[in-house]
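In: sequence below, structure please.
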Amino acid sequence: MSAQATASSIASGAPAAPAIAQSAAAAESKPKPCCVCKDEKAKRDECMLFSNAADPQKDCLSTIDQYKSCMAGFGFKV
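Out: Now for the predicted structure:
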């Protein structure tokens, strides 16, 4: 390979390509929020929707906390 070809490959940003690929791979390895904690989400929603309490959020605090801790385990802040 000539010096000119080497210089053009460096100038074209060839070394930056692996960095882009690594960040894309990291984003793909993290699941989508809709795809995790489905059982906890269903229990939370059912509790909130069908609670007879005056304050459903207070009544369902334990199921809400379970959902939040599950999501936090996957790196999501709810």
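
In: every contact and neighbour count from this point should use C-alpha atoms.
Out: Fine.

In: worst mean pLDDT across the helices and strands of this structure, which element?
Out: helix 3-11 (a mean of 48; mean pLDDT, DSSP states H and E).

In: measure how buried the residue lying closest to residue 53 once chain neighbours are set aside is and give me the count.
Out: Nearest residue to residue 53 in three dimensions, chain neighbours excluded: residue 59, at 6.5 Å (Cα to Cα, 6 or more residues apart in numbering). Using other Cα atoms under 10 Å, residue 59 has 15 neighbouring residues.

In: residue 46 is in contact with residue 59, correct?
Out: No. Contact status for residue 59 versus residue 46: not in contact, 12.0 Å apart, counting by Cα atoms under 8 Å.

In: low pLDDT regions in this structure?
Out: The chain contains residues with pLDDT under 70 at 1-28.

In: can you rerun that using 80?
Out: Residue ranges of the chain with pLDDT under 80: 1-29.

In: quick one: the helices in it?
Out: Ranges of helices within the chain are 3-11, 16-29, 38-50, 56-59, 61-73, based on DSSP state H.

In: could you dump the last one to CSV, C-alpha only?
Out: Just to be clear, that refers to helix 61-73. Provided in CSV are the C-alpha atoms of helix 61-73 (Å, rounded to 0.1, in the frame of the first residue of the first chain):
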residue,chain,number,x,y,z
LEU,A,61,-47.4,1.6,45.9
SER,A,62,-45.8,-1.9,46.3
THR,A,63,-46.6,-3.0,42.8
ILE,A,64,-45.4,0.4,41.4
ASP,A,65,-42.1,0.0,43.4
GLN,A,66,-41.7,-3.5,42.0
TYR,A,67,-42.1,-2.2,38.5
LYS,A,68,-39.7,0.7,39.1
SER,A,69,-37.0,-1.6,40.6
CYS,A,70,-37.4,-4.1,37.7
MET,A,71,-36.9,-1.3,35.1
ALA,A,72,-34.0,0.1,37.0
GLY,A,73,-32.4,-3.3,36.7
